[in-house]
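# Model the following, please.
(one chain, ligands or ions: 2)
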Amino acid sequence: MSHLVAPSLLSADFGNLKKDIEMVNQSRADWFHLDVMDGVFVPNISFGFPIIKTVKKYATKPLDVHLMIVQPERYFKAFQEAGADILSIHYEAVTHLHRSVHAMKDLGMKAGVVLNPHTPVSLLEDIIQDVDLVLLMSVNPGYGGQQFIENTYRKISRLKEMILQKQASCLIEIDGGVTLDNAPKLVAAGADVLVAGNTVFASDNPQATIEKLKA
Ligand code: DX5
Ligand code: ZN
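Residues are numbered from 1 along each chain as shown. Ligands and ions are numbered 1, 2, ... in the order given. I've put the predicted structure just below:
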C-alpha cells in the first residue's frame with residue numbers, strides 16, 4: 001500500500017472553508033485531518049462539532065479526527081454522529097485505554113491512539129493489537145506550523161518493530177512539522193499516513209503540494 005496524505009484543516013481558511021474542502025476533495029489527498037483542542041489538554045482551543053459537521057457535509061473522503069481533549073470518552077457518540085470515520089485519542093488523556101478503544105470501535109469508527117513526543121512507544125505493547133492506527137506526534141500538540149522533532153524517526157522504527165513482532169495491522173500516522181523535505185524520509189522509515197497543515201495550506205498551490213507529498 002502506498003502512503004496516505006491527510007491535510008490538516010487547522011491551517012485552512014475558515015472564511016472560505018468550503019473552498020478548501022473542495023480543494024482537498026479534488027486533490028490526491030486521502031483523508032481530512034481535523035484537530036479538536038479543548039484548552040485543557042493542550043494550551044490552545046480550535047473547533048468542535050459545527051465545523052466537523054460542515055466538513056462532513058461537503059467532504060468526499062474520510063474524516064480523521066484527532067482529539068486533544070481530556071476525558072474524550074464523554075464525546076465518542078457525538079463525534080461519531082458529527083461524521084468522524086477515524087477517531088484518535090491521546091494515550092496521556094485516558095485512564096482506561098482498552099475500554100475507550102473498544103467503545104470507539106463499537107460505534108463503528110476506526111480507533112486510533114496518539115502519543116506525545118515524550119511518550120514511549122513501548123507503552124502500547126498490550127494495546128497494539130486492538131487499535132487501527134497509532135499517531136505519533138512529531139511536535140508538541142496544540143499548534144500548526146511548528147518544527148519537526150527528529151527523534152520521531154526512532155519512534156517509527158520501534159513502533160514498526162512492535163507491529164511486526166505482535167503481528168498487528170495498525171497504520172502509523174505522523175503529525176506535526178511534516179514538510180516536502182522530511183516526507184520521503186518518514187515514508188522510508190515506515191510511516192503510512194502523513195498529516196500536513198502548514199506545508200499544504202501556506203503553499204502557493206496547495207493541490208500541487210498534496211501531489212508532491214503523495215509522490
Ligand atoms: C498539532 C496538530 C496538527 C497540526 C499540524 O497539534 O495535531 O495536526 O495541524 O500542523 P503542521 O503540519 O502545520 O505542523
Ligand atoms: Zn493533528
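# Report how many residues lie close to residue 165.
Summarising burial for residue 165: neighbours were counted as other C-beta atoms under 10 Å, giving 10. In this view, the C-beta of every residue, glycine as well, is placed from N, C-alpha and C.
# ok, now how distant is it from ligand 1?
Per C-beta to the nearest ligand atom, to the nearest Å, residue 165 is found 28 Å from ligand 1.
# for the longest helix anywhere in the chain, packing partners?
With DSSP state H setting the assignment, residue counts place helix 152-165 as the longest helix in the chain. Contacts defined by 3 or more C-beta pairs under 8 Å, 6 or more residues apart in numbering; DSSP states H and E place helix 152-165 against strand 133-137, strand 171-175, helix 183-189.
# what does that helix contact?
Residues outside helix 152-165 that contact it (C-beta atoms under 8 Å, 6 or more residues apart in numbering): 115, 117, 121-122, 124-125, 128, 134, 136, 138, 168-170, 172, 174, 185-186, 189-191.
# So which bits of that helix are buried?
Using 16 or more other C-beta atoms under 10 Å as the test for burial, helix 152-165 gives 152, 153, 155, 156, 158, 159, 160, 162, 163.
# and those as CSV, adding distance to ligand 1?
Compiled in CSV, the buried residues of helix 152-165 are given as follows (distance: C-beta to the nearest ligand atom, whole Å):
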residue, distance to ligand 1
152, 12
153, 16
155, 16
156, 17
158, 21
159, 18
160, 21
162, 22
163, 22
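# Turn those residues into CSV, columns for pLDDT.
Rendered in CSV, the data for these read as follows (pLDDT from 0 to 100):
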residue, pLDDT
152, 98
153, 98
155, 98
156, 98
158, 98
159, 98
160, 98
162, 98
163, 98
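# which of the residues you listed are close to ligand 2?
Among the buried residues of helix 152-165, not one lies near ligand 2 by C-beta under 5 Å from the ion.
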